[in-house]
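S.K.: coordinates for the following, if possible.
(2 chains)
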Amino acid sequence: MDLLRAEHITKRYGDRTILKDVSVRLEEGELVSLLGLSGSGKTTLFHVLSGLIPPEEGRVLLNGEDVTAKPGKVSYMLQKDLLLAHKKVIDNVALPLLLAGRKKKEARKEAAPYFEDFGLAGTEMLYPAQLSGGMRQRAAFLRTYLSAVAASGEHRLKGAQMPSGAALLDEPFSALDTITKSQMHDWYLDVMEKISLSTLFITHDIDEAIVLSDRIYILTGSPGEIRDEIRILPERRERRDFNMTGEFLAYKKQIRDILERQQTQ
Amino acid sequence: MSERSGSITSKLPAAAALLLLIFFWWLLCASGAVPSYMLPSPVDVARAFVNDFSNLMYHAGTTLQEAAYGLVIGVVLAFAIATVMDRFLILDRAFSPLLVISQTIPTIAIAPLLVLWMGFGMAPKITLVVITTFFPIAVGLLEGYRSVDPDAVDLLRAMGANRRQIFRHVKFPASLPYFFSGLKISASYAIVGAVIAEWLGGFEGLGVYMTRVKKAYAFDRMFAVIILIVVISLLLMGLVDLIRRAAMPYANIKN
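M.R.: Here you go, the predicted model:
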């Protein structure tokens, strides 16, 4: 069953159409990427999916419930890590729980067990300014996960049967240097095994999209439209050196052809 | 900022410059270039300060009390006005110009009016302090609220935060550095405001003391009270810095 569905989304600003009849879906436990060149309306689509802005046409469904223009249901990691400088890392991460009505102490207690798995052990009482770029990103990702937990009310760490909620990640790794980035890719696949969060993420990096996704949507043009959908067949646990294989290159060529055909049209 | 004011060595040039200035002042008086009834020497001023110490402290107590009450009321008023103006755009449009106009009214001109309306007690002094202090704080807070990263607001909205939560977790913290810059300016305004109000009518306070020693042509004591006012203002500004550091421990973190 689809966890998250966007149906026929059209978004206009004044007389400029940003998105035209865009439909995407995210199944439970899936990692799906939205690949597109800049200006194709990827971030606008995420703003619509998260409920931050209303679309002119179409609707967003979460577990069958209409959540169009209702923020707080779909977890959203924006392009910047946006860790709040005045809060300690633990309080940044626990913020969604606090906003959902938990007391500060309870929220901290609930967030603390995840620090180990997210590679953040020992950073609880530091301020964000004291973290490296990769750590900031992991902290922001943990906050996003806890935001999904707060929205669905369920913790799913270790022995997870069911995914807990849907998360949107807007270019989560683009600000990192190449080495940190590939380490983060491995880490991301590992941690997704543990928490089984369903995510839809934006990227403009073809390699990243192939390595990290079960499916890839290709969004191109202005106004942005879904041009193609590609399923990546090998299982995620076989992905570690996937980008050294011929199969990987075949996917890459296929995607590049689609993007180039789009540009010459 | 912490790097610049942190170490003792960084403060040496300022201390040296101050001592040099006092030395030239003393030289000017000791050489007889300026008669002592026009400019008392630093030694005379120090002597006057010591001799009249208890009297100075008594008047300083009154002035500090007026300044403190006025500053507290000013902060509360500024917070209320800035927060309401930030929340309702229409109020912002309506009152922004009035706020600015209120600051162009010369304090010297309204102080006698306040005395006329409220008498010779503390009320007109406190009122004048409120008028002079609330503006820098209100403007600082308004600017601070607006300095908030709109993406941070989006993040909180995406987490389902309501307006109050967004204010508490994002907007208010963003305004703190601006608030403290405003408060620092206001702390020095508060003392000067209280002194001006006392100067123009009252029975006690450093401003009253000033008018008395001026009438007696006791310039040594005049200088002593001026220096006392400077010291009190500096101490207050230092106190504001201490509070800022305690309220914003994250601001002094070095990576």
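
S.K.: for the chain, just list every one of the helices.
M.R.: Here I'm looking at chain A. Residue ranges of the helices in chain A, as given by DSSP state H, are A:42-50, A:89-93, A:95-99, A:104-111, A:114-117, A:133-152, A:178-195, A:206-212, A:246-264.

S.K.: switch to chain B, please.
M.R.: B:2-6, B:12-30, B:42-51, B:53-87, B:89-104, B:107-118, B:122-146, B:150-158, B:163-166, B:172-199, B:206-215, B:219-247.

S.K.: which non-adjacent residue is nearest residue A:142?
M.R.: The spatial neighbour of residue A:142 that comes closest, neighbours along the chain excluded (CB to CB, 6 or more residues apart in numbering or on different chains), is residue A:118 at 4.6 Å. (Each C-beta comes from the backbone N, C-alpha and C, glycine too.)

S.K.: I misspoke; the intended subject was residue B:127.
M.R.: Nearest residue to residue B:127 in three dimensions, chain neighbours excluded: residue B:114, at 5.4 Å (CB to CB, 6+ apart).

S.K.: ok, now which ones touch the closest residue to chain B within chain A?
M.R.: Closest residue of chain A to chain B, CB to the nearest CB: residue A:72 (2.2 Å). By CB atoms under 8 Å, 6 or more residues apart in numbering or on different chains, the residues touching residue A:72 are A:51, A:151, B:157-161.

S.K.: go on, residue A:110?
M.R.: Applying CB under 8 Å, 6+ apart to residue A:110 gives the contacts A:94, A:97, A:102, A:146, A:155.

S.K.: tally of neighbours for residue A:112?
M.R.: Other residues near residue A:112 come to 14 when the count uses other CB atoms under 10 Å in any protein chain shown.

S.K.: ramachandran angles for the closest residue to chain A within the stretch 1-150 of chain B?
M.R.: Residue nearest to chain A within the stretch 1-150 of chain B: residue B:149 (7.2 Å; CB to the nearest CB). Main-chain torsions, residue B:149, degrees, to the nearest 10: phi -70, psi 120.

S.K.: quick check: residue A:70 touching residue A:52?
M.R.: No. Using CB atoms under 8 Å, residue A:70 is not in contact with residue A:52; the gap is 10.0 Å.

S.K.: these two: which has the busier surroundings?
M.R.: The neighbour count for residue A:70 versus residue A:52, taken as other CB under 10 Å, is higher for residue A:52 (20 against 16).

S.K.: quick one, phi/psi of the more buried one?
M.R.: Backbone geometry at residue A:52, expressed as degrees, to the nearest 10, gives phi -70, psi -40.

S.K.: so what's it up against?
M.R.: A:71, A:76, B:154, B:157-158.

S.K.: turn the residues you listed into a markdown table, including distance to residue B:248 and pLDDT.
M.R.: What follows is the contacts of residue A:52, written out as a markdown table (distance: CB to CB, whole Å; pLDDT from 0 to 100):
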| residue | distance to residue B:248 | pLDDT |
| --- | --- | --- |
| A:71 | 29 | 94 |
| A:76 | 28 | 96 |
| B:154 | 24 | 96 |
| B:157 | 25 | 96 |
| B:158 | 26 | 95 |
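
S.K.: tabulate those residues (TSV), appending neighbour count and distance to residue B:175.
M.R.: Below are the contacts of residue A:52 laid out as TSV (neighbours: other CB atoms under 10 Å in any protein chain shown; distance: CB to CB, whole Å):
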residue	neighbour count	distance to residue B:175
A:71	19	23
A:76	26	25
B:154	19	18
B:157	19	19
B:158	25	22
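
S.K.: save the residues you listed as a markdown table, and put in distance to residue A:186 too.
M.R.: A markdown table is the format used below for the contacts of residue A:52 (distance: CB to CB, whole Å):
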| residue | distance to residue A:186 |
| --- | --- |
| A:71 | 32 |
| A:76 | 24 |
| B:154 | 30 |
| B:157 | 32 |
| B:158 | 27 |
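
S.K.: tell me the one of the residues you listed nearest residue A:24?
M.R.: Residue A:24 lies nearest to residue A:76 out of the contacts of residue A:52, by CB to CB, at 14.8 Å.

S.K.: so what sits opposite that closest one in the bridge?
M.R.: residue A:168 (DSSP bridges).

S.K.: what about it, distance to residue B:91?
M.R.: Relative to residue B:91, residue A:76 is positioned 32 Å away (CB to CB, to the nearest Å).

S.K.: same question, residue A:24
M.R.: For residue A:24, the distance to residue B:91 equals 42 Å [CB to CB].

S.K.: which bits of chain B sit near chain A?
M.R.: Applying CB under 8 Å from any CB of the partner chain, we find that chain B lies next to chain A at B:149, B:151-152, B:154-161, B:165, B:169-170, B:173, B:176, B:248, B:250, B:253, B:255.

S.K.: of those residues, grab the buried ones for PyMOL.
M.R.: This is the PyMOL syntax for the buried subset of the residues of chain B next to chain A, where burial follows 16 or more other CB atoms under 10 Å in any protein chain shown:
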select buried, chain B and resi 152+154+155+156+157+158+159+160+161+165+169+170+173+176+248+250
